[in-house]
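*Asks:* Sharing a sequence plus its predicted fold:
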Amino acid sequence: MQIALPITASRNTAVIGGLGILLLVAVVCSLTIGAVSIPAKDVAVILLKKLGLFSSVEVNSTHEVVLNAIRFPRIIMTLLIGATLGVSGAALQGLFRNPLVEPGLIGVSGGAAAAVVVVVVFGSVMALPSSGWVYNALVPLFAFAGGIITTFLVLKLSYQAGKTNIAVLVLIGVAMQALTGAVIGLAIFYADENQLRTYTFWTLGDLGGATWEKLFITAPLMVASVVVQLLQSRSLNAMALGEAEAFHVGVDIERTKRTIVFFSALGVGVGVSMAGVIGFIGLVVPHLVRVLFEPDHRLVLPASVLGGALLLILADVIARTVVSPAELPIGVVTALIGAPFFIALLLNAKRKQEI
Amino acid sequence: MYQALSISLRVRDRLILNNVDITIRPGKFTAVVGPNGAGKSSLLKVLAHEQRADDGEVSINGKEISTYTSGELSLVRAVLPQSTTVQFAFSVMQIVMLGRHAHRTLRSENERILKEVMALTGVEAFRDRNYMTLSGGEKQRVQLARVLAQVWDETVYPRYILLDEPTSSLDIAQQQQIFGLARQVCERNIGVMAIVHDLNQAVQFADHLYFLKDGKIVASGGAREVFTKPNIEETFCCRVNVYHDPCNNCPYIIPERETFVYTPKLKIN
């Protein structure tokens, strides 16, 4: 008799590899598509030139500028935000032992957005700089603080007799979204004409604001968020048994909880500070991975990193092309995909009498 | 030895455990019996280090329990709850493997242990099935396999398993099976402590017996010696008669019918 673990392990490698290849293809497509269409060949040459190869090959200089200044930072940011949302959703679902949890749903994104809007609108009153690297560093910091405060509140308020009451959690999440929405609305009310347009940005997301300067500060934070959460996969498997049981098999529960809450709030908060609130990626991706493959977090977490990045890249391509040369807010696209999916999930849970 | 000395536990103003002493010996089956609300589950939580006692000390193999990290602790003691629900569609084998979480052993070693405990508990036949779709008895056997996988290593120090009314939702054959398996693993220098609901089962399987009432140990000792009419009647406030079962060569009780009348403060002379 042979234990099937090696088979699972090699299948998981195949899943991760497959997702990686899909992501690569999506990235290349995404680089070629846009207001200026750039052939894949040019994309490849410009990429290689950036790496110091083929420096003598001539390419269309407009293409080079568009790629270097606009598309590269945008795609990198999209990848990072998608990956962070995917892995944070997967980790939070594992932590709460519930497939309905998502960074946006429990108020992390809203809290982060509200904090950032307050800084942006009232920053001058508080004598904070409104540009430059201090500003670039300060905004993600506030987003993180806003995110972690709301997560902490939601967690605390929905805790009942040693575990999280999911019905309460979802309702508190709704209340938090309303509350953070009100804070954003209020701040916008006091905003000047220039800042007014940003309301859409904060509530529906926009991937258009990426620059190398911003990435320089935020990318390491998002990478840290992804890596640290990936390291929690074994503990999350044990958490599936329940908190007490996870402790019995040797998991330091409080540390696992703190780590995941902290680093998901960090990653999502920083993402929000760059691109506003983008919903549903963190909900849909981990769930799909579980349904299509298996619930082992050693697969679910890395596959959600790749899947989150993949889905957000594709959503961004749609957002940029359907009303070209204008752009749909990215949140509109993800919500159009995600909301029906969420309803289907709820119906399924209802059928199984889980809620 | 797994020892609790003068354990007291308060929840708000109520004294849940009052100066409790208990010893779990390696290779022996220790059972705790008592009426509902006596503090049995709280005692198990304190022993498992899930809850801190307000007074007293718990030690495992001579080392104070709070000096263990959660990982180290899991190498010497495992816990089987009454029932365990799992949220995601994990397979039986994946659940059993969770018992090896804190062990830094080779994969081949883990697989050997998995194979042994799954064979012993009879879960091998459905090892690839989704845990959520199993029956109550099957689930509990899988959890027992998980608990055994956690303490299966041949170590110089003794290991312990704590069972919290592990058979409460099982039929009679499954109950005997679970306790029989627990009894069997004692041979591997594993100490077993079980909260047992059925008194006849307690005396049938246990080496040592503790009677817990209102947070206090009212009687303890060798299972057959302390399984007496006065001890049982005092602990449970219920008239019983003790007989001898020649088949198991073991005492058993039958409660008297009239005591079904609910009298919480019944004094028995």
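*Replies:* Received the coordinates, thanks. Residues are numbered from 1 along each chain as shown, chains lettered A, B, ... in the order given.

*Asks:* if I look at the closest residue to chain B within chain A, how far off is B:T85?
*Replies:* At 2.9 Å from chain B, A:G250 is the closest residue in chain A, using C-beta to the nearest C-beta. All C-beta atoms are positioned from the backbone trio N, CA, C, and that covers glycine. For A:G250, the distance to B:T85 (C-beta to C-beta, to the nearest Å) stands at 20 Å.

*Asks:* between these two, which one's more packed in?
*Replies:* A:G250 (23 against 12; other C-beta atoms under 10 Å in any protein chain shown).

*Asks:* got the contact list for the more buried one?
*Replies:* Residues near A:G250 by C-beta atoms under 8 Å, 6 or more residues apart in numbering or on different chains: A:A238, B:S70, B:G71, B:E72, B:L73, B:S74, B:L75, B:H101, B:A102.

*Asks:* What does it show for phi and psi?
*Replies:* Backbone torsions of A:G250, given as degrees, to the nearest 10, read phi 110, psi 20.

*Asks:* Let's verify the closest residue in space to A:T150 that isn't next to it in sequence: helix, strand, or coil?
*Replies:* Nearest non-adjacent residue to A:T150, counting by C-beta to C-beta, 6 or more residues apart in numbering or on different chains: A:G111, 3.0 Å away. Classification of A:G111 by DSSP: H, G, I helix; E, B strand; the rest coil places it in helix.

*Asks:* how about the strands of chain B, start to end?
*Replies:* Listed in chain order, the strands of chain B (DSSP state E) span B:2-11, B:14-24, B:29-33, B:55-60, B:63-64, B:77-80, B:159-164, B:190-195, B:208-213, B:216-222, B:240-245, B:250-255.

*Asks:* ok, now the stretch 51-200 of chain A?
*Replies:* Here the stretch 51-200 of chain A has its strands, by DSSP state E, counting those that start in this stretch, at A:159-160, A:163-164.

*Asks:* tell me which strands and helices the first one is in contact with?
*Replies:* Using 3 or more C-beta pairs under 8 Å, 6 or more residues apart in numbering or on different chains; DSSP states H and E as the contact test, no helix or strand touches strand A:159-160.

*Asks:* Who does that strand pair with, and is each partner parallel or antiparallel?
*Replies:* Using DSSP bridges, strand A:159-160 pairs in its sheet with strand A:163-164 (antiparallel).

*Asks:* average pLDDT across the strand it pairs with?
*Replies:* Mean pLDDT, computed over strand A:163-164, is 65.

*Asks:* One more: stretch B:10-28?
*Replies:* For stretch B:10-28, the mean confidence score works out to 91.

*Asks:* got the buried residues for that stretch?
*Replies:* Under the neighbour-count criterion of 16 or more other C-beta atoms under 10 Å in any protein chain shown, stretch B:10-28 has B:I16, B:L17, B:N18, B:V20, B:I22, B:T23, B:I24, B:R25, B:P26, B:K28 buried.

*Asks:* C-alpha coordinates for it, CSV please?
*Replies:* Taking Å, rounded to 0.1, in the frame of the first residue of the first chain, the C-alpha atoms of stretch B:10-28 are listed here in CSV:
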residue,chain,number,x,y,z
ARG,B,10,-12.7,30.1,39.3
VAL,B,11,-15.0,31.4,36.7
ARG,B,12,-16.3,34.7,37.9
ASP,B,13,-17.3,33.9,41.5
ARG,B,14,-17.9,30.2,41.0
LEU,B,15,-15.3,27.7,42.1
ILE,B,16,-15.3,25.2,39.2
LEU,B,17,-12.3,23.1,40.5
ASN,B,18,-11.5,23.0,44.2
ASN,B,19,-8.1,21.8,45.2
VAL,B,20,-8.0,18.9,42.8
ASP,B,21,-5.1,16.4,42.7
ILE,B,22,-4.8,13.9,39.8
THR,B,23,-2.1,11.7,38.5
ILE,B,24,-2.0,10.1,35.1
ARG,B,25,0.6,7.3,34.9
PRO,B,26,2.3,6.1,31.7
GLY,B,27,1.0,2.8,30.5
LYS,B,28,-2.2,3.1,32.6
